[in-house]
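Chemist: Return atomic coordinates for the entry below.
(chains A and B)
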Amino acid sequence: MKIGIEIHSRLLSDKLFCNCPSTLTEDQSPEIKIERMLHPVLSELGESDRTGIAEFKKGKTFEYWAYRNCNCLVETDEEPPHPLNSDALKIVLQIAMQLNATPVDEVQIMRKMVIDGSNTSGFQRTSLIALNGHIESSKGTINIPMIALEEESSGIVSSSENRAVYRLDRLGIPLVEISTSPDIKDGAHLVEVAEKIGLILRATGKVARGLGTIRQDVNVSTEGGSRVEIKGAQDLKMLPPLVDIEVKRQLELVKILVELRERKALPIKSEVVDVTKILHSANSPLIINGLKAGAVVLAQKLPLHKGILGREIAPGKRYGTELSDYAKRAGVKGLIHSDENLDKYSFSETEITQLRSILDLSDADAFVMVVAPAEQAQKALSYVIERANMDHVPEETRRANPDGTSTFMRPLPGRARLYPETDIPPTRLTQEFLQSLDRGESLEDKKAKLEKLLNPDLAKTMLRSRNLHLFEKLVELGADPMMAATTLENTLVSLRRDGIEFNDLEKTLKDLFGEYKKGSFVKAAIPDVLKGMAKGSPASTVLKVFRLQKITGIELEKLVAKEQCNQAAIMQKYRLQVDPQEVTELIAKLKCENPDYR
Amino acid sequence: MYAPEIEKLLKQKKISLGDQVKVVSSSGEFIGLLMPRPEYGDQGVLIIKLNTGYNVGIAPLSLNDPTSIEIVSKSSLTKPTNIKTAKPTNSPEKHIGANGSAGEVVVLGCGGTIASKVDYKSGAVYPAISPEELRASFPQIEKISTIHTKQLFSIFSEDMSVWHWQQMAEACIAEIKEGVTGIVLMHGTDTLGYSSAALSFMLQNLPVPIVFVGAQRSSDRPSSDNEQNLLNAIFAAKADFAEVSVCMHGESNDSFAFLHRGTRIRKMHTSRRDAFRSINASPLAKIDYASNKFEKLQETKPRSTDVGKIEINTKMSDNVAMAYFHPGMQPGFFKHLSAYDGAVVIATGMGHVATNPFGEKHSKSLLEPIKELISSNIPVVFAPQTLSGRLNLNVYSAGRLLKEAGVIGDGCDYLPETAFAKLSWVLGQTKDMKKIKELMEKNLVGEISSRSTLDFDEPQFIERCCE
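Modeler: Numbering: from 1, shown residues only, chains lettered A, B, ... in the order given. Purely as a prediction, here's the structure:
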C-alpha cells in the first residue's frame, strides 16, 4: 500500500491572472449569467486526454454566475490572462523554502485540461514552482516532489445530465498545491503529515483560513489494484477511514476480478434490451413515474455475474454501486440490478419471469436495468458495460463522502492533460530575486514564539488553532497573550456552544481588548461582555447597559468599607465588577474593624 | 531556439526535441522530454516536460560541461512532428481553382485564430489548422452540410493585402462556377472587416452567399468560439440570401450568431466573443444552426440560379493611404500622401479636420495640403471617427471649406475601413476624379444608407436588452 497526499491551500492575495480581489460574494443570486459549451483539444504532444474525452461525451451546457465586484472578462474567458500575480508567486516561494524545496529556474505556466466546466476556458492554469522538498515525520522523511501554484476553479451550484451551473467568484483565487511522494505509511501517519504541512502553511500567515480554503486529496495505491485519487477531504479526522476503506475497496475489487476471470464472465457483450413493454404496468412507483415522464426501461444481461453485484466492497457499497456510479455519469439516478432485493420495486412474478426470459438469463447470470429517457438510458448502460468489462481496478479520481467511503468522479487524468499556456510568457527566477525574498516565519519560529507568550498547553493549542492569525493581531495591538488565547480557545468555544456567534469576530475582539486595556471592566466579566456584544453593540455600550463597568479606586474603597472588608461577600456580589487582587490590597490597607472576615 | 552553446551541445549529442533527457542544474538532476524553446525568455534555460506533464525551465549547470545534458531515450511520441514549428503554407496559386462538387458548401482557409495552433517555438498562437483538420475536429459539420475545403493561406489577418483579397475573390469565383451552395471564408478577426468590404465591391450580384467567419478565442482552448462560429457560418452559407457577409457570436453566451453585411461590420472589442457589431445598420439575421433558426432582421439579396449575372471586378489599387486626424496634426504629414493613389482621412465629427477659419495663431490649417493633393488628382475621402452617424460637410465652416476643396464623403455613413476598401476598389475601376467622387458617394453594396434610422449604432444590442 502506498499513500501520498496533495494539499491545496488558498493564498492571501488578489487573483492569480487578473486584478480582481479574492473575495467570495455572499450574494447567492448571479448578477450576470453566461452560457457556454466546451470541446476537447489536443495537447502539444498530439495526444488527447482520457479525462477530456470522458467529460466531452457528456455534451453539457455550462451556466456561469458572475459578480461585478470579483469577476472581470478574464474569468469569463473573454480576455486573455494578465501576467502571473507576483505576490502569489512570492508566497509560494516562501512556502517552498519552508518545505526545503528548490525553486525551478524558470516558471512555465501550463493549462490543465478540465472540461467538466469548472473553468470557463476549459483548463485550469497551473505552474510548477519548486521541486524536491521534504519534511520530517515520526516515521521518516516525507518527500515533496512538487509544489505548484494554480488557480482555483469555480464553485458548483448544481449539475444535471445536460447542464452544470457554476459560480465564478472563486475562479482564479491562487492556490498552492503541495504533493508528497507515496511515503506515508498508514492512516494515522497521513493525519500527522497533513497536519504538519497545514501548520507550516499557517505559520507563514499568508494562506487563507476558514471553510473550504484548504483541501486534501489522498492518493492510495495497492498491490494488484491501482492508483486512486480521492478528492475533497476537508477534515483531517476523515483521512484514516478514507484510506482504510479505499484499501479494502481495491482488495475486494481484485478478488471480484479474480472470480470473474475464473467464471470466464468477461468480456460482456453489449446487448441492451428495451423491456418497457414488459414492465409498463408494473406497480412500482419508480417505473410508474418514470414512464409518465417519457422514460424507457432498458436492461442488460451480465452473464455469469450472479452474486457479484451484491458483493460488499466498502461499507454500504456493493459492486453494483460501483457500476451505478458509472451509470450516473449519464445523469440517471441509479441502477436496478438482480442481486438486490427486487421486492422493493413490487414487480410481479410474471414480470420477473418475462424479464428473465427476454434477457435469456440462466441461474448464474445477473442483469442491470435503468429507467430514463431513451438516449440517456442507452448512455448509462454503455458506461456500465464499459466499467464491467475493465480487466483491472481502474485508475480513478473519486470524491470523498462524509462516511469515509468515496464515489467515482472521472478517470484519473494523464500527462496529456497538460499543455503550455501561451498567453503568458515564462518567469525567470534568478538567484538575486530568490535571495531577496523574505523566508517568512517557519513552524519552529512560530512554536518558539508562542511558547514564550503562553503556557505549554495553550501554546500547543494556539499553534493548531484557526484563530492563530487573529491571536497574533490581538497581541500586536497590546492584548495580554494569555487572556487573548483563553478568550479565543475557551470562552468563545463555550459561547458558541450556547449558540452565540459573532458577525465580525476580529472587530469585536479588538474592541473588547481595547476597552479592557483602558481598565473599563474586569477579566471575569469577559464572557458576559461578549454575550452582550454578540448582537453588534460596542463594548462601551454593553458595559453601561449591563452594569459591568469596573468598580475601582474610591468607589471600591467605599464598597469594601460598606461590606466591612468581607472579601467573600464582596466577591460573591460583585464578582463581575471588581478585581480580586485590588480588593485584597484594599482590605489590607483599610484594616476593617472586624478582622475575622478577612 | 536555444542559445547557440546549447544548440551545439544538443547537435553533438544527437539530442532532438521530444527526446527524454537528463539535465544537471545547480539544484539537482531532472529527467523529462526536451521541449522547444519559445523565442522570448532566457535562451539558456532548457524547457523540460516532466513525467507529470508539467513543463519547467531548468538552467544547465554549465554549458561547457558536456555532461550537463544527457540523452536518456529517443522520442517515443507517435507524432513527433506535432511539436515542431508549423510552417505556413503560403502558395495559394496552386490552390486556386475549384476541386469541389456542386451543391456543397466550400470552406476556404485564410488563417487567423479560428484555424490556429500553438506555435511552441514562439510560444504564441499560430494560424495553421487546415479546414480538413477542422472537419475532423467538428464532426457536427456533416450534419449541417456536406463540405469541401481548401487552404488559401495561413496568415495573421494583419498580414493581408490587396493581393490576398484578390486571391480570395478569385477562389470564390472558381467555386461559384463549380456550383457550390455557399462559401465560408475562415479569416483572422483583426482585419476581417476590410476583407469582407473588399469582396463586397469586387463580387457583386452574387448567386450564393459568401460568409466570412473568425474566432476571438484561440482554437487550442476547449472554450474557443471557433466551433459555434464555424457551424453557424456553414449553416448561413446554405441560407436563402446572396451577399458577402460576416458570421460571429451574437453575445458572450454560446447561443446564437449574428450575420452581418460585409460592408457594415466592425470589430469593437479586442477580445470578447461578441466583438463584431454592425455599425449604422442592423445585422442581416440572427441565426442558430442548432435550432435551425435563420431570423431575418433586414432585407437581403436573394439567391439566384443565374451565375452569369455575377459582376466580377477584382482590380484594385494597392496604394491607398489612411490617416487618422488628431488635434495639432502637422500640414507636412499630408505632403507625404502625394505618393499615394488616394487617401482616406478619418475625420472628426461630421467630417472635419483643422482648417483654422478664424486665423488662430497657434493653429495650423490642413486645407492647403488637402487642396494640393486633390489638384494633383489624388482623391481625399473622409470617413467618421465616431463610426456611428453620417458625415455632413454643410453645417460648419470647416466642413464647407473642405467640401469646396473637393473632399469626398459628404452625406456618407460608411465605416472608415469600408471607405478604404471602397476607394482601393474604385481606383481600380477609374482614374477620373469626377467619377471617383460619384462612385464613392453612391451606395453600391449596402455600404451607405439613405436614411439614418432611429436606433443608435447597435440596433442588435438594443433589441437584445429589450427582449
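
Chemist: so where does residue 248 fall, helix or strand?
Modeler: I went with chain A, as the question did not name one. When elements are assigned from DSSP states H and E, residue A:248 belongs to helix A:239-263.

Chemist: Not quite, go with chain B.
Modeler: In this structure, residue B:248 is located in strand B:244-249 according to DSSP H and E.

Chemist: What of residue B:347?
Modeler: Using DSSP H and E, residue B:347 sits within strand B:342-347.

Chemist: which intervals of the chain have sub-threshold pLDDT?
Modeler: I went with chain A, as the question did not name one. Applying pLDDT under 70 to chain A flags the ranges A:27, A:42-58, A:414-416, A:592-598.

Chemist: look at chain B instead
Modeler: In chain B the weaker segments, taking pLDDT under 70 as the threshold, are B:76-101, B:116-132, B:134-135, B:457-467.

Chemist: Give me the domain ranges for it.
Modeler: If you go by automatic domain parsing, the domain ranges for chain B are B:4-80, B:92-312, B:320-440.

Chemist: Residue A:74 is nearest to which of those?
Modeler: Shortest distance between residue A:74 and the domains of chain B, using Cβ to Cβ, is found for domain B:92-312: 9.5 Å. C-beta here means a position set from N, CA and C on the backbone, and glycine is covered the same way.

Chemist: that older thread, can you name every helix or strand that the helix or strand following the strand holding residue B:248 contacts?
Modeler: Per DSSP H and E, the first helix or strand lying C-terminal to strand B:244-249 is strand B:257-261. Counting by 3 or more Cβ pairs under 8 Å, 6 or more residues apart in numbering or on different chains; DSSP states H and E, the packing neighbours recorded for strand B:257-261 are helix B:226-237, strand B:244-249, strand B:276-278, strand B:285-288.

Chemist: picking that back up, now that we have the domains of chain B, can you turn them into CSV and tack on mean neighbour count and distance to residue A:323?
Modeler: Output for the domains of chain B, formatted as CSV (neighbours: other Cβ atoms under 10 Å in any protein chain shown; distance: least, Cβ to Cβ, whole Å):
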stretch, mean neighbour count, distance to residue A:323
domain B:4-80, 17, 30
domain B:92-312, 21, 29
domain B:320-440, 19, 60
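
Chemist: can you put the helices and strands packed on strand B:257-261 in CSV and add distance to chain A?
Modeler: Converted to CSV, those look like this (distance: least, Cβ to the nearest Cβ, whole Å):
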stretch, distance to chain A
helix B:226-237, 6
strand B:244-249, 10
strand B:276-278, 14
strand B:285-288, 12
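
Chemist: Other residues contacting the helix holding residue A:248?
Modeler: Contacts with helix A:239-263, where a contact means Cβ atoms under 8 Å, 6 or more residues apart in numbering or on different chains, come from A:1, A:3, A:186-188, A:190-191, A:194, A:216, A:218, A:220, A:222, A:224-226, A:228, A:230, A:233, A:266, A:304-305, A:308, A:311-315, A:317, A:319, A:322, A:364, A:391-393, A:398, A:400, A:403-406.

Chemist: okay, the domains of chain B in CSV with distance to residue A:79 next?
Modeler: Shown next, in CSV, are those (distance: least, Cβ to Cβ, whole Å):
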stretch, distance to residue A:79
domain B:4-80, 21
domain B:92-312, 5
domain B:320-440, 22
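
Chemist: Which of the ones you listed sits closest to residue B:453?
Modeler: Go through the domains of chain B one by one with Cβ to Cβ and the one that ends up closest to residue B:453 is domain B:92-312, at 7.8 Å.

Chemist: immediately after the helix or strand harbouring residue B:149, which helix or strand?
Modeler: With elements delineated by DSSP H and E, residue B:149 resides in strand B:147-151, which encompasses its position. Scanning forward in sequence from strand B:147-151, with DSSP H and E defining helices and strands, the next element found is helix B:162-178.

Chemist: any idea which helix or strand comes after that following helix?
Modeler: Next helix or strand after helix B:162-178 toward the C-terminus (DSSP H and E): strand B:182-186.

Chemist: helices or strands up against that next one?
Modeler: Other elements packing on strand B:182-186 under the criterion 3+ Cβ pairs under 8 Å, 6+ apart are strand B:105-109, helix B:162-178, strand B:210-213, helix B:226-237.

Chemist: follow-up on the earlier one: residues in contact with the strand holding residue B:248?
Modeler: The contact list for strand B:244-249, computed with Cβ under 8 Å, 6+ apart, reads B:189, B:192-193, B:196, B:199-200, B:203, B:206, B:209-214, B:216, B:225, B:228-229, B:232-233, B:236, B:257-263, B:265, B:273-276, B:284, B:287, B:445.

Chemist: Now do it: distance to the chain's middle.
Modeler: When C-alpha coordinates are averaged (Cα atoms, centre = their mean, to the nearest Å), strand B:244-249 and its chain have centres 12 Å apart.

Chemist: now the angle between strand B:182-186 and that strand, please.
Modeler: Using axes from the mean of the first three to the mean of the last three Cα atoms, to 10 degrees, the interaxial angle of strand B:244-249 with respect to strand B:182-186 works out to 60 degrees.

Chemist: Measure how strand B:244-249 sits relative to strand B:257-261, angle-wise.
Modeler: Taking the same axes, to 10 degrees, one finds strand B:244-249 and strand B:257-261 inclined to each other by 160 degrees.

Chemist: and strand B:244-249, C-alpha only, in PDB?
Modeler: Taking C-alpha atoms only, strand B:244-249 is exported to PDB below (Å, rounded to 0.1, in the frame of the first residue of the first chain):
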ATOM      1  CA  VAL B 244     -20.800  39.000 -48.700                       C
ATOM      2  CA  SER B 245     -21.400  38.700 -45.000                       C
ATOM      3  CA  VAL B 246     -19.700  38.000 -41.700                       C
ATOM      4  CA  CYS B 247     -20.900  35.500 -39.100                       C
ATOM      5  CA  MET B 248     -19.800  35.900 -35.500                       C
ATOM      6  CA  HIS B 249     -21.000  35.300 -31.900                       C
END
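
Chemist: Each with direction, which strands does it pair with?
Modeler: With DSSP bridges as the criterion, the sheet partners recorded for strand B:244-249 are strand B:210-213 (parallel), strand B:257-261 (antiparallel).
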